[in-house]
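>>> this is a predicted model, with the sequence first.
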Amino acid sequence: MAESNQTSSRRREGEPSLLRVTDLGKHFDVSRPWLSRVIERQPRRILKAVDGISFQVARGQTFSLVGESGCGKTTVGRAVVGQLAPSFGRVEFDGLEISAMRSRRQRAQFRHRLQMIFQDPYASLNPRWRVRDIIAEPLRALGLSRTKRAVRERVEELLGQVGLSPDDGAKYPHEFSGGQRQRVSIARALSSQPDFIVCDEPTSSLDVSVQAQILNLMKDLQRTFGLTYLFISHNLAVVYHVSDHVGVMYLGRLCEVAQAEQLFTQPQHPYTRMLLDTIPDPDAPGRRREPVGGEVPSPIDPPSGCSFHPRCPLANERCVREVPALKLQARVLVACHAVEEGRQQ
Amino acid sequence: MTTQSILAVEGLRVEFLTRRGPLVAVDDVSLQVQAGEVLGVVGESGAGKSVMGAAIIGLLEPPGRITGGCVRLEGRRIDDLPNGEMRKIRGKSIGAVFQDPLTSLNPLYTVGRQLVETIRTHTDMTAGQARGRAVQLLGQVGIPEPMARFNAYPHEFSGGMRQRVVIAIALCVKPRLVIADEPTTALDVSIQAQITALLKRLCREQGSAVLLITHDMGVIAETADRVAVMYAGRVVEVGSVFEVAKNPRHPYTQGLMASIPRVGRKVQRLIQIPGAMPRIGNVPEGCAFHPRCPQVLERCRKDRPVVTRSGGIETTCWLYADSEPHG
Amino acid sequence: MSWRVGRWHRLRESEIGYSLRRSPLTVFAAMVTLAFAVAAIAAPLLAPHNPYDLASLSLVDALTPPRWDAKGKSEYLLGTDDQGRDVLSTIIYGARLSLAVGATSVLLAASLGVTLGLVSGYVGGRADAVMMRIADVQMSFPAILIALLIDGVLRGVLPLQTSDDLAIVVIILAIGLSTWPQYARTVRASTMVERAKDYVKAAQLIGRHSAAILAHHVLPNVMGPVLVIATIQLAVAIILEATLSFLGVGIPPTTPSLGTMLRIGNNFMFSGQWWIIAFPGVALAMLVLSVNLLGDWLRDVLNPKLR
């Protein structure tokens, strides 16, 4: 088992990581309009969707961000591909600092290498376009194929790679099932021969048997083309199946980052443990999950210090005061005072 | 053990009448649910489970129509009742919990008012008594500070809390049957556990029968006592959850269980069932699953399989036709 | 809002055909509109006389009653007006003018409204706020007042001699500029919905210009309701033109439209020459009613909820 890439942040030279995210943050101002605020004497309200995230993804590997709704994982995905400008922090793609590049010309130098697959197979394809035009759009827009014939051949090649037939190119999205549309999405993402694909809940809208097909396809493509995935999901079982490394997020911060096997067999952070306990197991009928009390607080007004402390069985007064930093504890990065102090078993 | 089932569905057939002819959404489905029991109906999207649920409680939208079979609630037929009668029965004896709590609750009325309204429509309580009962119910479903939350609006609750309110409304008149259609799909994983545990506990206490419709096999495994697997509008397997999960007989159920990724069992490739479930109106001859079945026989292509019983499971599959036929 | 009007032509035809067959009123409306359209296009072939050709008019024949009247003449089926114009021919040519003005102003209003709506919905922020406030202000006035205002300003600006010739252009501008807000608001709402969808994000991701995204991705998906609005607005435009002409600030009497005929006939209504206003009035009413009914039916047929 090679040293995980999350070990030392000082070793930058010869770093094989394709994506490096450093202290990334995104705050949204959700205050009421100025007049209402003044009249009702309310303070500004800031939604800290992402509040200081750092991680790296090595070439050819799959890094998953997992967490419940509102934890900020989707926002991280958007910031990585450049759909959102971060409020602070850096995103480096293959050494290039892309978070600072806002103009289209600057981004053109790496745009074709970074692609995204979306969650909703019904909204991610333009219902008025034929499938072959949808897949060909990146080719045409990025000038990757010059002639009409080259475009057509490439589209047919891509359709075959995702398990569809060349005839499917002439059809419209509504003629396909959810799983097939997701294949079209994948074909579109592959068209520019990317190195890195951000997958935002790609199978969450799919049935279980279709999900299996898509996950297998994605793994095959990763092996064939040496792709690197940032996989965002709330489904822990899927994350377990696809990931090399996993980062668990809660209310905009990372709780724990570890290799997948390690995280699922020996979780350190209390939230990770709670999360793993809640996975329903289809093989264990009648097992009673331990329902943990409380719900995820609102990200507009998160608890002070460690945001998990109201629900944490190990919380002490330091947890209420101080935000824990992500620290290395025996090859796992954990942000927890209790773990640092050796208070948990 | 011939206690009467709370819910008995016999040979139910639901069709959608379109200009192109009738499309069959539910094809000869039979189930029973006993008091205090949770029957899970599992199937992928398009299998017809939600349509069946709607048909059972009489909320089928046209052009959908029940064209065969019957539905009995405590022995009494309810599928052919006029609208007015059905409405009374729905309120008094059937409770419903749907997927999206935001649309199940009226956003313009407080939670307390909706509860009280339901209670007073179906019982003879006074306003004061109804209010007391409502607060008690809110407490029972785990809403903290029920007295204060009585006057809150649905949008002031989180998703999990809203679903608890919906459960409270569904159970407030102590219905004999509770139908839950994807009650936890829209909720976070950590909340799902709370909601399924709550539903199961309350229904057991009240002795209600529960029909739990979902696509999530994990939820079924935890909550249901028995499970019915639906495919293309038909029931392919019914049995105790333990048996069906551990030892599925029908090839579709086997494929389904095998394709679910599991923590702790790392595989290179998930087992996948090739192809996709046939859409409504495109169901093949014979066994609906035969084009995708790894163990298909000649017979499967021509004849619709009959129900056979083996080891406590009823399977609709020609592979088991040599076991004692059922019925 | 996804309008399921896909490329399955046969299916679409049969659905529309089916829907048409179920509503005889709509069939009637469609046929009337078609009749007017045909008459408008083939006016020179269909009309017995050319009322716009001032040289062919004969004042001797002025104010002739319809043919079936004792004093009627056989060549003037519906009688003549005070200039000797054959009423039937004027109706045909007038309908042509009304439809042309109506269609062109609808095109203008739609182009302007759709463009502004797209930009407004996509860009958001201050530009959106400004444009929508302008639309709100304009919508709080009746369109006729706005049209009068624009008409008056343009006439004042243009030199006197050309104002008659440019009357048509002025009217088209007036009506077009007074009816764009409906399109803008609907398209803006649809644009805001589509903008949030992932296929737009995918296009942004590969770096397409906003203009390209709006034109190629968003526009095809928001055009559905525009068609419905355009049909109903056609009826509105025709009425607006008729009103403006009736008030004397529309099409000049040398080339009368249906509305101008109403104006001319209004003077003779109570002095016995009822046919000058009656027939054009009925024609106008039937045209507008039919277009309206078609628009209603179109809206129902394209409604995605009625699958």
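The structure has been received and is ready for your questions. Numbers count the residues shown, from 1 in each chain, chains lettered A, B, ... in the order given.

>>> write out the residues of the stretch 1-150 of chain B neighbouring chain C.
Of all the residues in the stretch 1-150 of chain B, those in contact range of chain C (C-beta under 8 Å from any C-beta of the partner chain) are residue B:19. Just so you know, the C-beta spots here come from the backbone N, C-alpha and C atoms, and that holds for glycine as well.

>>> hmm, try it at 10 Å
B:18-20, B:63 (C-beta under 10 Å from any C-beta of the partner chain).

>>> rebuild the residues you listed as CSV, extending it with secondary structure, neighbour count and pLDDT.
As requested, the residues of the stretch 1-150 of chain B next to chain C are exported to CSV (DSSP: H, G, I helix; E, B strand; the rest coil; neighbours: other C-beta atoms under 10 Å in any protein chain shown; pLDDT from 0 to 100):
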residue, secondary structure, neighbour count, pLDDT
B:18, strand, 12, 83
B:19, coil, 9, 77
B:20, coil, 9, 79
B:63, coil, 13, 85
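
>>> from residue C:290, how far out is residue C:265?
Shown here: residue C:265 relative to residue C:290, a distance of 22 Å by C-beta to C-beta, to the nearest Å.

>>> count of residues packed around whatever residue of the stretch 101-250 of chain B ends up closest to chain A?
Closest to chain A within the stretch 101-250 of chain B is residue B:218: 2.8 Å, counting by C-beta to the nearest C-beta. Counted by other C-beta atoms under 10 Å in any protein chain shown, the residues lying close to residue B:218 total 24.

>>> for residue C:103, what are its contacts?
When contacts are counted by C-beta atoms under 10 Å, 6 or more residues apart in numbering or on different chains, residue C:103 touches C:37, C:40, C:172, C:230, C:234, C:237-238.

>>> pick out the most distant pair among those.
Distance extremes for the contacts of residue C:103: the farthest pair is C:37 and C:172 at 18.4 Å, using C-beta to C-beta.

>>> if we can go back for a sec, who are the contact partners of the closest residue to the residue of the stretch 101-250 of chain B closest to chain A other than its chain neighbours?
Spatially, and ignoring its direct neighbours in sequence, residue B:218 is nearest to residue A:280 (2.8 Å; C-beta to C-beta, 6 or more residues apart in numbering or on different chains). Neighbouring residues of residue A:280 by C-beta under 10 Å, 6+ apart: A:236-237, A:287, A:289, B:184, B:189, B:192-193, B:196, B:216-223.

>>> can you verify residue A:280 is assigned to a strand?
No. Counting by DSSP: H, G, I helix; E, B strand; the rest coil, one finds residue A:280 to be coil, located in no strand.

>>> pick out whichever of residue C:37 and residue C:172 has more residues nearby.
Counting neighbours by other C-beta under 10 Å for residue C:37 and for residue C:172 shows that residue C:172 has the greater number, 22 against 15.

>>> so residue B:152 touches residue B:165, yeah?
Yes. Between residue B:152 and residue B:165 there is a contact under C-beta atoms under 10 Å: 9.3 Å.

>>> overlap of the contact sets of these two?
Between them, residue B:152 and residue B:165 share the contacting residues B:111-112, B:143, judged by C-beta under 10 Å, 6+ apart.

>>> make a markdown table from those residues and add pLDDT to it.
Below are the shared contacts of residue B:152 and residue B:165 laid out as a markdown table (pLDDT from 0 to 100):
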| residue | pLDDT |
| --- | --- |
| B:111 | 90 |
| B:112 | 90 |
| B:143 | 86 |
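
>>> what's the next secondary structure element after the helix or strand of chain B with the lowest mean pLDDT?
Comparing every helix and strand of chain B by mean pLDDT, DSSP states H and E singles out helix B:101-104 as the least confident one, with a mean of 80. Next in sequence after helix B:101-104, counting helices and strands by DSSP states H and E, comes helix B:111-122.

>>> the helix or strand just after that following helix near chain A at all?
Sequence-wise, the next helix or strand beyond helix B:111-122 is helix B:127-140, with elements assigned using DSSP H and E. No. Looking at helix B:127-140 against chain A by C-beta under 10 Å from any C-beta, there are no contacts, and the closest approach is 15.1 Å.

>>> buried ones in helix B:127-140?
B:130-131, B:133-135, B:137-138, B:140 (16 or more other C-beta atoms under 10 Å in any protein chain shown).

>>> packing partners of the host helix or strand of residue C:288?
When elements are assigned from DSSP H and E, residue C:288 belongs to helix C:275-301. Using 3 or more C-beta pairs under 10 Å, 6 or more residues apart in numbering or on different chains; DSSP states H and E as the contact definition, the elements that helix C:275-301 packs against are helix C:9-21, helix C:24-41, helix C:87-123, helix C:219-246, helix C:258-268.

>>> as CSV, those with distance to residue B:282 and mean pLDDT would be great.
Rendered in CSV, the data for these read as follows (distance: least, C-beta to C-beta, whole Å; pLDDT from 0 to 100):
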stretch, distance to residue B:282, mean pLDDT
helix C:9-21, 16, 59
helix C:24-41, 33, 87
helix C:87-123, 38, 92
helix C:219-246, 28, 89
helix C:258-268, 54, 86
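
>>> which SS state does the residue of the stretch 101-250 of chain B closest to chain A fall under?
Following three-state DSSP, the label given to residue B:218 is helix.

>>> which one, of the helices and strands packed on helix C:275-301, ends up nearest to residue A:338?
Ranking the helices and strands packed on helix C:275-301 by their distance to residue A:338 (criterion: C-beta to C-beta) puts helix C:87-123 first, at 48.5 Å.

>>> now the residue in the stretch 101-250 of chain B positioned nearest to chain C: how far from residue B:166?
For the stretch 101-250 of chain B and chain C, the shortest gap (C-beta to the nearest C-beta) falls at residue B:103, measuring 15.6 Å. Separation of residue B:103 from residue B:166 (C-beta to C-beta): 10 Å.

>>> look at the two and report which has more neighbours.
When residue B:103 and residue B:166 are compared for neighbours, residue B:166 comes out ahead with 26 against 10, by other C-beta under 10 Å.

>>> check which helix or strand covers the more buried one.
helix B:159-171.

>>> list the buried residues in that helix.
When burial is assessed from 16+ other C-beta under 10 Å, helix B:159-171 yields the following buried residues: B:159-171.

>>> what about residue 252, neighbour count?
Looking at chain A here, since you left the chain open. Residue A:252 sits with 26 neighbouring residues when counted by other C-beta under 10 Å.

>>> I was thinking of chain C, sorry if that wasn't clear
By other C-beta under 10 Å, the residues close to residue C:252 number 16.

>>> and what of residue A:265?
The criterion is other C-beta under 10 Å. On that basis, residue A:265 has 12 neighbouring residues.

>>> once you drop chain neighbours, what's closest to residue B:163?
With C-beta to C-beta, 6+ apart as the measure, residue B:101 is the residue that lies nearest to residue B:163, at 4.5 Å, once sequence neighbours are left out.

>>> including distance to residue B:312, could the helices and strands packed on helix C:275-301 go into TSV?
Below are the helices and strands packed on helix C:275-301 laid out as TSV (distance: least, C-beta to C-beta, whole Å):
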stretch	distance to residue B:312
helix C:9-21	48
helix C:24-41	60
helix C:87-123	59
helix C:219-246	53
helix C:258-268	82
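
>>> wait, which of the ones you listed is closest to residue A:316?
With distances scored as C-beta to C-beta, the stretch of the helices and strands packed on helix C:275-301 nearest to residue A:316 is helix C:87-123 (50.2 Å).

>>> right, and the helix or strand after the closest one?
Past helix C:87-123, heading to the C-terminal end, the next element that is a helix or strand (DSSP H and E) is helix C:125-139.

>>> quick one: that following helix to helix C:87-123, angle?
In terms of direction (axes from the mean of the first three to the mean of the last three C-alpha atoms, to 10 degrees), helix C:125-139 departs from helix C:87-123 by 150 degrees.

>>> surely residue B:187 and residue B:159 touch.
Yes. Counting by C-beta under 10 Å, residue B:187 sits close enough to residue B:159 to count as a contact (5.4 Å).
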